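K.L.:
Give the three-dimensional model of this entry:
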Amino acid sequence: MLRLPKRRVLKKPSLFQEVYRKGRSEVNRYLVLYVFPAIGLDTRVGFAAGRKLGNAVTRNRLKRLMRESFRQELPRVREGLFLLLVARRGALGVKQPVMAKAFRALGKKMGIFED
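P.N.:
Numbering: from 1, shown residues only. Down below sits the predicted model:
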């Protein structure tokens with residue numbers, strides 16, 4: 001299985017908060033996508049699933065689905081962005097192709113893809 005490079009993942013809580021506060025957001029049934037320009041830096045992404053969505057197993061599954069959706073589209077994503085993907089209740093029980101389609105739709109709305 002392919003992995004998302006560690007240098008592409010947002011980990012610091014302060015960066016998460018900055019993207020939440022200052023970033024633009026777009027929403028669909030499954031996801032919320034926050035985008036914050038980070039000029040001159042590599043694109044990084046963070047994943048979140050709140051406790052209201054279920055236990056740790058459920059939340060981790062949602063984060064794996066979001067991570068894989070991002071990894072598949074990584075070559076098309078513009079550089080210099082901080083992204084934050086947040087799972088919504090509609091994402092519970094969905095399969096990978098549905099999550100990937102939801103991410104692509106939000107990415108197109110937000111203009112994060114190069115083509």
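
K.L.:
Excluding chain neighbours, what is closest to the most centrally placed residue in the chain?
P.N.:
The chain has residue 85 as the residue nearest its centroid, 2.8 Å off, counting by CA atoms, centre = their mean. In space, and not counting its chain neighbours, residue 85 is closest to residue 66: 4.6 Å by CB to CB, 6 or more residues apart in numbering. Using the backbone N, CA and C atoms, a C-beta is placed for each residue, glycine as well.

K.L.:
Next one, pLDDT for the closest residue in space to residue 102 that isn't next to it in sequence please.
P.N.:
Among residues not flanking residue 102 along the chain, residue 30 sits closest, at 4.1 Å (CB to CB, 6+ apart). You'll see residue 30 listed with a pLDDT of 96.

K.L.:
What's the local residue count around residue 30?
P.N.:
24 (other CB atoms under 10 Å).

K.L.:
Also residue 23?
P.N.:
17.

K.L.:
Over to residue 55?
P.N.:
Counted with other CB under 10 Å, residue 55 comes out at 8.

K.L.:
hang on, isn't residue 59 packed against residue 52?
P.N.:
No: taking contacts as CB atoms under 8 Å, residue 59 lies outside contact range of residue 52: 9.7 Å.

K.L.:
Between the two, point out the one with more neighbours.
P.N.:
Between residue 59 and residue 52, residue 59 has the larger neighbour count (other CB under 10 Å), namely 18 against 8.

K.L.:
can you tell me how far the nearest residue to that one once chain neighbours are set aside sits from residue 115?
P.N.:
The shortest distance from residue 59 to any non-neighbouring residue, by CB to CB, 6+ apart, is to residue 49 (4.0 Å). Taking CB to CB, to the nearest Å as the measure, residue 49 falls 29 Å from residue 115.

K.L.:
and those two? which has more neighbours close in?
P.N.:
For residue 49 versus residue 115, the count of surrounding residues by other CB under 10 Å is larger for residue 49: 22 against 4.

K.L.:
Local confidence estimate at that one?
P.N.:
95.

K.L.:
tell me the SS of the nearest residue to residue 90 once chain neighbours are set aside?
P.N.:
Nearest non-adjacent residue to residue 90, counting by CB to CB, 6+ apart: residue 29, 4.1 Å away. Using DSSP: H, G, I helix; E, B strand; the rest coil, the secondary structure recorded for residue 29 is coil.
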